[in-house]
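Engineer: Fold the stuff below for me.
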Amino acid sequence: MISAASLVETNNSSAKFTRPTTVILSSKSGTNQFHGALFETNRNSGYGVARRRQDTFTKAPFLNRNEYGFSAGGPIYIPKLYDGRNKSFFFFAYEAARSVTYSTGSYNVPTQAMRNGDFTNLFDSSGRPIILYDPLTTNATTWARQPLSYQGVPNKIDPARISSLAKFLFSVSPLPNLPSVNPLVDFNLVIPVPTPNRQDTTTVRIDHRFSDKDLIFGRFTRGRNDHQLGITPMLDMALGNQPSTATSNRHWPNATAAITWVRTLSPTFTNEVLLNFSRDYHRRGSGDFQTQYANALGLPNPFQAFNWPSITGLGVGSYPFGSAAPFWLITNYGILQDNATKIQGKHEFQFGVGLRYEVIDKSANSTAGPFDAGTLATSLYNPASTATNPIAVNQTGFGLANLELGVLNYQASLRRRWNHSRNSAQVSGSSDSRRPSPALGGFSIRLPCLTM
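Structural biologist: Below you'll find the model as predicted:
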């Protein structure tokens, strides 16, 4: 860090702190001379990175991480207008991190034949064939069905019957690079998968000394953390934007501002007034938080949710398209605190008052889906089962074929848009410099002891 230093106290905290564990942040200030710093740190897969045991590539997956920044500080000086030496100072710092890490991703994806509706080589992990049945031939009385076929070839779907949803999902999914592997048995696509991360922090601090007894300084810090988790080769640039490739996109900006006034009333008596405000904005979920993907895909979306819908039950291992519901957590936090310190002989007294106000707004929006292809649409019904609890005959039916025929189950969740929380507290206390007591609501007092 080039803009601030921090200290964490886990015990023996002063009474002016409201909790036994305290994080104390000290930011830098300018001086009478101009100073600056510049740094760059890089870690790259071009050196010092070995392949992991599960990597099947000739070299390690790509890694590139850059941490860089600069700072500058000094007196506020405007030629012929203002000379702030010994009175006014500034400090500015910018810090950033950019990284992209690739890891080995292993997936089960449909073969080219499956994407064309050809399931003639559909075998499970034990080598047993799986037979598909045509849902349009279901007997309403006996539930019997005819085997699915096209042009006299069993286990083959007429290309005209393949749903537009299936065609789109296949179009944004890579083909297997291990085509001889049965996706019902093992991974047939092994590729490097990226995890990008972007962080920025900007800090500005201004100090001004009005007199030998009064010093005021203010600080403003703005940070951002954009992170993508669960990126898969499916949905590669789906609907034309990169964020849709991630199961969860996290956008996390925050800002803090602080003003402090320190007044020296006498050589043994000082007073400090602090005003602090922070805002933390956390948003995560799949997609770009604007596009109603279910509508664009022609899927039911009764509550107009805009997350990417999860599609499961396809029977092809890790091929399902994941999703994360839209979520917001916004926290606004304000503190007004006055701390006075009095030194009397070998004793030190601290007393003051603090006001705290906290606002938390939380939102978990309605979701589109999940959509489940495990509908038994291409299965043969077991006559021993019932209409309320249908059971398929073993080795019949396949979820991916159900998707291609457009037979899915779905559910939609309607959620309260926002939950609002408000909290305020008043804290005051007294302590000595050797054995401070924890802060309490209301007023607390403890007799000082001798400081050795």
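Engineer: mind showing which ranges of the stretch 1-150 of the chain have poor pLDDT?
Structural biologist: Along the stretch 1-150 of the chain, segments meeting pLDDT under 70 span 1-25, 47-60.
Engineer: Quick one: the strands in it, in order.
Structural biologist: 4-9, 22-27, 35-44, 63-75, 77-78, 82-83, 88-107, 149-150 (DSSP state E, counting those that start in this stretch).
Engineer: For L314, which of the ones you listed is the nearest?
Structural biologist: strand 88-107 (12.0 Å; CB to CB). (Glycine included, C-beta is placed from N, CA and C.)
Engineer: helices and strands around that closest one, which ones?
Structural biologist: strand 63-75, strand 189-209 (3 or more CB pairs under 8 Å, 6 or more residues apart in numbering; DSSP states H and E).
Engineer: Mind listing the strands that strand pairs with, and their directions?
Structural biologist: strand 63-75 (antiparallel), strand 189-209 (antiparallel) (DSSP bridges).
Engineer: Export it to PDB, keeping only CA atoms.
Structural biologist: The C-alpha trace of strand 88-107 is given here as PDB (Å, rounded to 0.1, in the frame of the first residue of the first chain):
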ATOM      1  CA  SER A  88      -1.500  23.400   3.600                       C
ATOM      2  CA  PHE A  89      -0.600  20.000   2.200                       C
ATOM      3  CA  PHE A  90      -1.900  17.500  -0.300                       C
ATOM      4  CA  PHE A  91      -1.400  13.800  -0.900                       C
ATOM      5  CA  PHE A  92      -2.700  11.800  -3.900                       C
ATOM      6  CA  ALA A  93      -2.300   8.000  -4.500                       C
ATOM      7  CA  TYR A  94      -3.600   5.600  -7.200                       C
ATOM      8  CA  GLU A  95      -3.200   1.900  -6.900                       C
ATOM      9  CA  ALA A  96      -4.400  -0.800  -9.300                       C
ATOM     10  CA  ALA A  97      -4.300  -4.500 -10.000                       C
ATOM     11  CA  ARG A  98      -5.100  -6.300 -13.200                       C
ATOM     12  CA  SER A  99      -5.000 -10.000 -13.400                       C
ATOM     13  CA  VAL A 100      -6.100 -12.900 -15.500                       C
ATOM     14  CA  THR A 101      -5.600 -16.400 -14.400                       C
ATOM     15  CA  TYR A 102      -6.300 -19.500 -16.600                       C
ATOM     16  CA  SER A 103      -7.000 -22.800 -15.000                       C
ATOM     17  CA  THR A 104      -7.700 -26.200 -16.600                       C
ATOM     18  CA  GLY A 105     -11.400 -26.700 -17.200                       C
ATOM     19  CA  SER A 106     -12.800 -30.200 -18.000                       C
ATOM     20  CA  TYR A 107     -16.300 -30.500 -19.400                       C
END
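Engineer: Which parts of it count as buried, going by neighbours?
Structural biologist: Within strand 88-107, the residues that qualify as buried are 88-95, 97, 99, 101-102, 104-107, counting by 16 or more other CB atoms under 10 Å.
Engineer: Could you list the low-pLDDT ranges of the stretch 151-300 of the chain?
Structural biologist: 230-247.
Engineer: those strands in it, which residues are they?
Structural biologist: 153-154, 189-209, 214-229, 248-266, 269-285.
Engineer: Now render the strands paired with strand 88-107 as CSV, adding distance to L175 and mean neighbour count.
Structural biologist: Formatted as CSV, the strands paired with strand 88-107 follow (distance: least, CB to CB, whole Å; neighbours: other CB atoms under 10 Å):
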stretch, distance to L175, mean neighbour count
strand 63-75, 26, 17
strand 189-209, 8, 17
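Engineer: now for the ones you listed, which one comes closest to S318?
Structural biologist: Comparing the strands paired with strand 88-107 by CB to CB, strand 189-209 comes nearest, at 9.0 Å.
Engineer: on that earlier part again, among the strands of the stretch 151-300 of the chain, which comes closest to N44?
Structural biologist: Short answer: strand 189-209, nearest of the strands of the stretch 151-300 of the chain by CB to CB, at 14.7 Å.
Engineer: secondary structure element for D338?
Structural biologist: In the assignment (DSSP states H and E), D338 maps to strand 327-344.
Engineer: Alpha carbons of that strand, as PDB, please.
Structural biologist: These are the backbone C-alpha positions of strand 327-344, laid out as PDB (Å, rounded to 0.1, in the frame of the first residue of the first chain):
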ATOM      1  CA  PHE A 327     -28.200  -9.700  -5.900                       C
ATOM      2  CA  TRP A 328     -27.400  -6.300  -4.400                       C
ATOM      3  CA  LEU A 329     -26.100  -5.400  -1.000                       C
ATOM      4  CA  ILE A 330     -25.600  -1.600  -0.400                       C
ATOM      5  CA  THR A 331     -24.300  -0.400   2.900                       C
ATOM      6  CA  ASN A 332     -24.000   3.300   4.000                       C
ATOM      7  CA  TYR A 333     -22.200   3.900   7.200                       C
ATOM      8  CA  GLY A 334     -21.700   7.200   9.100                       C
ATOM      9  CA  ILE A 335     -19.900   8.100  12.300                       C
ATOM     10  CA  LEU A 336     -19.600  11.300  14.200                       C
ATOM     11  CA  GLN A 337     -17.200  11.100  17.100                       C
ATOM     12  CA  ASP A 338     -15.600  13.400  19.600                       C
ATOM     13  CA  ASN A 339     -12.600  12.200  21.700                       C
ATOM     14  CA  ALA A 340     -10.900  14.300  24.400                       C
ATOM     15  CA  THR A 341      -7.700  13.400  26.100                       C
ATOM     16  CA  LYS A 342      -6.500  14.900  29.400                       C
ATOM     17  CA  ILE A 343      -3.100  14.100  30.900                       C
ATOM     18  CA  GLN A 344      -3.000  14.600  34.700                       C
END
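Engineer: Direction included, what does that strand pair against?
Structural biologist: With DSSP bridges as the test, strand 327-344 is paired with strand 269-285 (antiparallel), strand 347-364 (antiparallel).
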